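A.B. asks: Got a sequence here, can you build the structure:
(chains A and B)
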Amino acid sequence: DAGVTQSPTHLIKTRGQQVTLRCSPKSGHDTVSWYQQALGQGPQFIFQYYEEEERQRGNFPDRFSGHQFPNYSSELNVNALLLGDSALYLCASSLEGQGANYGYTFGSGTRLTVV
Amino acid sequence: GESVGLHLPTLSVQEGDNSIINCAYSNSASDYFIWYKQESGKGPQFIIDIRSNMDKRQGQRVTVLLNKTVKHLSLQIAATQPGDSAVYFCAENIGAGSYQLTFGKGTKLSVIP
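C.D. replies: Down below sits the predicted model:
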């Protein structure tokens, strides 16, 4: 049973560019959350998607946007990249019927480096 | 979320000893707490959770204690093994329709063989 799959695993971008990160949730899960983890810190909540809509957002600027597809997979887009956006981006999936905050399964993340 | 520095608190324990990792959570309204283990290059892995109507919960080799009076959470690992070496995070959720997990400062556990 595949867990959460994220792609790519590593990415290097230049300041000002745009990036798209992808996430396939664990089989049977329908809710996807994105977190940003800077080096040496705990993950910070970006937003959560359910039924193809963003239903909660953390303290991140509009440069961060996302999408959820009918198959429950999700994308995270970041525009106008800043050096400070360099981080590990984590996707977590869960099943709404069990309480979307319970049973989170995290992927291994995408390491984004902005130069 | 909390603002944390680059240098994680570190706990070094001898293999076979018990480990206790502490966490001060931020919101007195939080009603659900989770401990995660994160190994290098991997995402956080669920260890154990506890709801605010409990003060103790046990799993396999792990116990979580919750003290709501002082907003304190601890994770006890029995008979610590080299494979337990990782960074450990506590996370909280305030419920009430919030879907956000707020992570605390991590603690790096190093097990000495």
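A.B. asks: what are the bridge partners for residue B:87, then?
C.D. replies: Note on residue B:87: beta-bridge partners residue B:38, residue B:108, judged by DSSP bridges.
A.B. asks: Count the neighbours of it for me.
C.D. replies: Neighbours of residue B:87 under the rule other CB atoms under 10 Å in any protein chain shown: 21. Quick note: C-beta positions are derived from backbone N, CA and C, even for glycine.
A.B. asks: wait, doesn't it sit right on residue B:8?
C.D. replies: Yes: if you go by CB atoms under 8 Å, residue B:87 and residue B:8 touch, sitting 6.4 Å apart.
A.B. asks: Please enumerate the shared neighbours of those two.
C.D. replies: Residues within reach of residue B:87 and of residue B:8 at once, by CB atoms under 8 Å, 6 or more residues apart in numbering or on different chains, are B:106-108.
A.B. asks: would CSV of those with neighbour count be doable?
C.D. replies: CSV is the format used below for those (neighbours: other CB atoms under 10 Å in any protein chain shown):
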residue, neighbour count
B:106, 25
B:107, 19
B:108, 17
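A.B. asks: and residue B:86, how many neighbours?
C.D. replies: 21.
A.B. asks: Contacts only, for it.
C.D. replies: If you count contacts by CB under 8 Å, 6+ apart, residue B:86 has them with B:37-40, B:108-109.
A.B. asks: do the same with residue A:63
C.D. replies: Applying CB under 8 Å, 6+ apart to residue A:63 gives the contacts A:78-80.
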